[in-house]
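Asker: Return a 3D structure for these sequence lines:
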Amino acid sequence: MTILVTGATGRVGSRFVPRLLQQDESVRVLVRDPVRAEPLERLGAEVVVGDLRETGDLDGALKGVDAVVHLGAAFRGVPDEEAVSVNHTATVELAESALRANVTRFVYAGTTLVYGPGHGRPVREEDDPVPPDLAYTTSKTAAEKALLDLHRTEGLPLRIARLAFVYGEGDAHLAESLMWARDWPPHKRLHMVHHADVGQVLLRALRADGVDGEIFNVADDAPVTALELLDLNGEPAAEEAAGRTLDDPWEGIVDTSKIRRLLGFRPVYPTVYTAKDAGAL
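Answerer: Numbers count the residues shown, from 1 in each chain. Reported below is the predicted structural model:
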């Protein structure tokens with residue numbers, strides 16, 4: 001199987017591609033900066049230079065490809081227009097190109113942020129997204145809707161993995177959680193997932209039969225509190241933090257029973273503390 005990975009030099013992609021190559025698969029990566037892709041090329045990935053937003057680049061990158069793992073996204077620090085063009089417009093164009101190339105798998109990395117607050121319990125995949133009014137979340141939600149429409153109308157062999165807060169293996173994301181945790185009530189929780197488990201899920205989604213059109217929540221077994229995030233980063237809580245109110249104790253908490261049932265997922269790191277004890281933060 002020849003697999004095209006987008007976003008291969010990003011935080012998720014740069015950790016996933018080596019795992020994919022260890023499976024003895026033929027891996028092609030579409031990148032804008034070939035220098036950043038050199039470590040992946042040395043491991044055996046075929047590097048194709050191009051831009052997700054250029055249809056001609058997409059058609060060329062997809063030639064001879066059997067499956068796509070779409071990790072490319074624009075998140076923080078980019079203008080809203082860029083977030084929309086990458087996360088929504090380019091994603092739809094990639095899926096349309098993949099249909100023309102007759103791929104047999106299209107795995108899309110979404111985010112649990114699309115759910116938003118107000119569900120009153122851990123959210124399930126069938127719950128309607130109510131994303132915060134941010135370019136990232138609204139564009140990712142719109143992309144999912146368009147991909148699901150392509151699955152229903154054109155047969156796109158789609159599998160969506162909605163990722164919780166990804167951390168581990170030297171990713172600075174855990175430290176960046178302090179941007180919010182410092183201001184949260186100390187008992188507010190964040191649902192997380194380690195890079196090793198993201199890799200596990202993407203591989204399972206690639207290999208599984210009979211799950212086209214399915215959405216999967218991807219998270220570990222034990223959400224952590226803001227107080228724990230502060231402690232993990234070696235920072236004390238503010239004195240007044242204990243008096244902060246928590247409006248929605250279930251915001252960001254997801255139900256993972258479906259991915260366990262259909263894909264056999266069991267976290268390698270069921271909690272952040274197992275990752276910490278293993279030296280995998």
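
Asker: Check which element follows the single longest helix found in the chain along the chain.
Answerer: The single longest helix within the chain, with elements called by DSSP state H, is helix 135-154. Sequence-wise, the next helix or strand beyond helix 135-154 is strand 158-163, with elements assigned using DSSP states H and E.

Asker: Check the burial of the closest residue to R189 other than its chain neighbours by counting its neighbours.
Answerer: Among residues not flanking R189 along the chain, P223 sits closest, at 4.0 Å (C-beta to C-beta, 6 or more residues apart in numbering). Yep, even glycine has a C-beta here, placed from its N, CA and C like the rest. Here the number of neighbours of P223 (other C-beta atoms under 10 Å) works out to 20.

Asker: Distance check, P223 against P270.
Answerer: 11 Å (C-beta to C-beta, to the nearest Å).

Asker: Likewise for T225?
Answerer: For T225 relative to P270 (C-beta to C-beta), the value is 16 Å.

Asker: again with A109
Answerer: Applying C-beta to C-beta to A109 and P270 gives a distance of 21 Å.

Asker: neighbour-wise, which of the two wins?
Answerer: A109 (26 against 14).

Asker: Can you check the distance spanned by stretch 172-189, start to finish?
Answerer: 19 Å (C-alpha to C-alpha, to the nearest Å).

Asker: same question, stretch 130-139
Answerer: 12 Å.

Asker: Tell me which residues of that stretch come out buried.
Answerer: P131, A135, Y136, T137, T138, S139 (16 or more other C-beta atoms under 10 Å).

Asker: And stretch 253-261, by the same measure?
Answerer: Those would be I253, V254, D255, T256, K258, I259, for stretch 253-261 by 16+ other C-beta under 10 Å.

Asker: can you check stretch 180-194 too?
Answerer: A181, W184, P185, P186, K188, R189, L190, H191, M192, V193, H194.

Asker: Now name the helix or strand holding the second one.
Answerer: Meaning W184. With DSSP H and E as the test, W184 turns up in no helix or strand.

Asker: State the distance from it to A242.
Answerer: 12 Å.

Asker: which stretches of the stretch 1-150 of the chain form strands?
Answerer: With DSSP state E, counting those that start in this stretch as the criterion, the stretch 1-150 of the chain has strands at 2-6, 26-31, 46-49, 67-70, 105-111.

Asker: Any idea how far apart the tips of stretch 60-77 sit?
Answerer: 29 Å.

Asker: Report the distance from that stretch to the chain centre.
Answerer: 13 Å (C-alpha atoms, centre = their mean, to the nearest Å).

Asker: buried sites along that stretch?
Answerer: A61, L62, V65, D66, A67, V68, V69, H70, L71, G72, A73, A74.

Asker: quick revisit: which residues touch the longest helix of the chain?
Answerer: 73-76, 80, 83-84, 86-88, 91-92, 95-96, 99, 106, 108, 110-111, 113-114, 116, 129, 131-132, 156-158, 160, 212-213, 215 (C-beta atoms under 8 Å, 6 or more residues apart in numbering).

Asker: now with 7 Å?
Answerer: 75, 80, 83-84, 87-88, 91-92, 95, 99, 108, 110-111, 113-114, 129, 131, 156, 158, 160, 212-213 (C-beta atoms under 7 Å, 6 or more residues apart in numbering).

Asker: Same check on stretch 262-274?
Answerer: Under C-beta under 7 Å, 6+ apart, the answer for stretch 262-274 is 192, 194, 196-197, 200-201, 204-205, 208, 211, 214, 216, 220-222, 224, 232, 259-260, 275, 280.

Asker: Now the buried members of the residues you listed.
Answerer: 192, 194, 196-197, 200-201, 204-205, 208, 211, 214, 216, 220, 224, 232, 259, 275, 280.
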